[in-house]
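Student: Build me a model:
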Amino acid sequence: MALIGNIIKENKDQINLRSGEVVCDIIIEKDYLQLRTYAMGDIERERGSKQNIQLSKEKAKEIITILEQFINS
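Tutor: Numbering: from 1, shown residues only. A predicted model of the protein is given here:
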């Protein structure tokens, strides 16, 4: 497991979005949260995870603050 150590908030105005949607699952344990994404269309999650992100509770709180800024802007 590789935990997020530093969060750097970029101030770029543009995100390069690709068309379509990917599948995501979230696993919550006592001390960590893991978010995994899968290839577009891989609803059954059979082709393996494309990205893994693990957060401690401390980093999850940082993400909450950033998400609140995003939602309220």
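
Student: pretty sure Ile63 is touching Leu33, no?
Tutor: No - the pair Ile63 / Leu33 is not scored as a contact, 9.2 Å apart, by C-beta atoms under 8 Å. Quick note: C-beta positions are derived from backbone N, CA and C, even for glycine.

Student: and for those two, which residues touch both?
Tutor: Residues touching both Ile63 and Leu33 (C-beta atoms under 8 Å, 6 or more residues apart in numbering) are Leu55.

Student: Quick one: the helices in the chain, in order.
Tutor: Using DSSP state H, the helices found in the chain span residues 57-72.

Student: So which helix or strand of it has the lowest pLDDT on average?
Tutor: Of all helical and strand segments in the chain, the minimum by mean pLDDT, DSSP states H and E falls on strand 49-56, at a mean of 86.

Student: So which elements touch it?
Tutor: Contact analysis of strand 49-56 by 3 or more C-beta pairs under 8 Å, 6 or more residues apart in numbering; DSSP states H and E lists strand 32-38 as its packing neighbours.

Student: Give me the residues contacting stretch 32-45.
Tutor: Residues contacting stretch 32-45 (C-beta under 8 Å, 6+ apart): 1, 3, 20-28, 47-57, 60.

Student: for it, what is the average pLDDT?
Tutor: For stretch 32-45, mean pLDDT is 82.
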